[in-house]
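# show me the folded form of this:
(one chain, ligands or ions: 1)
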Amino acid sequence: MAKDLSKIAKQKRIKYFLISFVDLFGVLRSKLVPTRAISEMQKNGAGFAGFATWLDMTPADSDMFAIPDPNSLIQIPWKKEVGWLAADLWMNGRPVDASPRVMLKKQISRLEKDNTVLKSGVECEYFLINSEGTAIFDTKDVQSKPCYDQSALMRQYELIKEICDCMILLGWGPYQNDHEDANGQFEMNWDFSDCLTTADRHVFFKFMVKSIAEKHGLRATFMPKPFENLTGNGCHTHISLWDGNKNLFLDKGDKFGISRKAYNFIGGILNSAEALSAFFNPSINSYRRIDAPITNSGATWSPNRISFSGNNRTHMIRVPDAGRFELRLMDGSANPYLIQAGIIAAGIDGMQKKTDPGQPLLVNMYTDHHNYPNLKKLPTDLEKALYCLSDSSVLQDAFGEKNINSFLKLKEQEIKDFNSKDSFSKKGPITEWEKINTLDC
Ligand SMILES: [Mg+2]
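Okay, here's the model as predicted:
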């Protein structure tokens, strides 16, 4: 039986619930609902006008309802009287197929037919900047190789500790926090889970980091490339496939410790990588991070080609350890649900077709890519990524042509808006449009 949110509210002294959903552009939308109304909302959902969000709807469409998933409940640690809930969107008695959480659940159900579950962990990088968004908050954070800088990390101790304490309280199993490769950049890691839990937590993590940073008088940004000369915000994802307690990607006899199924899954991701970029690098600004010029620190830490390797961070796919692989393509603007959904869709295709990913490349791809002219390149801008998505029968089949078209339509509108005001050049400075539209992604 589903958990009774009204009862839980009494036990936990929750006065209000945020019934939330993420639209196709990754924007988190909510209604704040008093506990007196939660029983009704749990049954019938909170009403929204879909057209007012980034979903492919019109002002004439009927009400859209966000039905909360009680299993996603998070009692907000810094505002305990509020409970946060991830919701699924419904309209006219049917799920809204072109909505991110519904799209992920559809892919999860494809794996469930084989009794398998995708487990994943995400590494969310972010910058701490001033509230105007013009510069890094910590003016002392200037060294050219700032990664793991202890002093710069400890100058943000109160903020980082508060976020980490929240994750401990919520039972996420956080285990490390560090200063990353760019000035002002940080990363916090928590345990991997089934991919729906990871996606819900990913959504909440971004909200939590932004909210707590604001409380401390700072601004947090997950924008893929907020500063031209610094390393961008990646969202590397670690992936494994499970049947009950058995990790189907583990093969101790293999030189990298991964199974044939894992290689096929990797083959599927490599084959669909150009189209997946539309989900994993969905903003105009994303393409400043991919195949970018070298940064002040000496590396971009983001992929420049569609390649895979062993424990080597210069490739799009790395196998850091037995039983899992890391996909390094995603950035901080990627929709948490479409990250997981895209991985499953491409991975299933690889497993079904038993796709051979070829031999892993054990070279420094940042310096040696010239020696591999036949390797496929990643899209150089969002327009090309959208074209690859429209051309991908694998993703069209997995998500349904109509749903992919909804995503493409909204993204093409966005590009049109950008082009009417500015033009994109990787070599040119970051535009005002990118800042206004991506700093709070
Ligand atoms: Mg990192």
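# please enumerate the helices of this structure.
5-12, 38-44, 100-112, 150-154, 157-170, 195-215, 260-280, 336-353, 365-368, 382-390, 393-399, 401-421, 432-438 (DSSP state H).
# any idea how far the shortest one is from the chain center?
Distance, stretch centre to chain centre, for helix 365-368: 26 Å (Cα atoms, centre = their mean, to the nearest Å).
# relative to D56, how far out is D23?
10 Å (Cβ to Cβ, to the nearest Å). Every residue, glycine included, has its C-beta placed from N, CA and C.
# joint contacts of those two?
Contact with both D23 and D56 is made by no residue, according to Cβ atoms under 8 Å, 6 or more residues apart in numbering.
# just the pLDDT at K206, thanks.
As predicted, K206 sits at a pLDDT of 98.
# quick one: it and C124 touch, right?
Yes: using Cβ atoms under 8 Å, K206 makes contact with C124 at a distance of 6.9 Å.
# any shared contact partners between these two?
Common neighbours of K206 and C124 (Cβ under 8 Å, 6+ apart) are F222.
# residues in contact with the nearest residue to V96 once chain neighbours are set aside?
Spatial nearest neighbour of V96, chain neighbours left out: L89 (3.9 Å); criterion: Cβ to Cβ, 6 or more residues apart in numbering. Residues counted as contacts of L89 (Cβ under 8 Å, 6+ apart) are 21, 50, 55, 64-67, 95-96, 99, 101-102.
# low-confidence regions, this structure specifically.
Scanning the chain for pLDDT under 70 picks out the ranges 1.
# in it, which residue is most central in space?
Central residue of the chain (Cα atoms, centre = their mean): P336, 3.6 Å from the mean position.
# ok, that residue to K7 distance?
Applying Cβ to Cβ to P336 and K7 gives a distance of 29 Å.
# ditto for K225
Counting by Cβ to Cβ, the gap from K225 to K7 is 46 Å.
# tell me who's in contact with D88.
Counting by Cβ under 8 Å, 6+ apart, the residues that D88 touches are 21, 66-67, 69, 95, 99, 101-102, 105.
# top of those residues by neighbour count?
F21 (30 neighbours; other Cβ atoms under 10 Å).
# for that one, name its beta-bridge partners.
R29 (DSSP bridges).
# verify the contact between it and A66 for me.
Yes: between F21 and A66 there is a contact at 4.9 Å, judged by Cβ under 8 Å.
# find the residues that touch each one of those two.
Contacts common to F21 and A66, judged by Cβ under 8 Å, 6+ apart, are 48, 87-89.
# next, count neighbours for A199.
Residues near A199, counting by other Cβ under 10 Å: 28.
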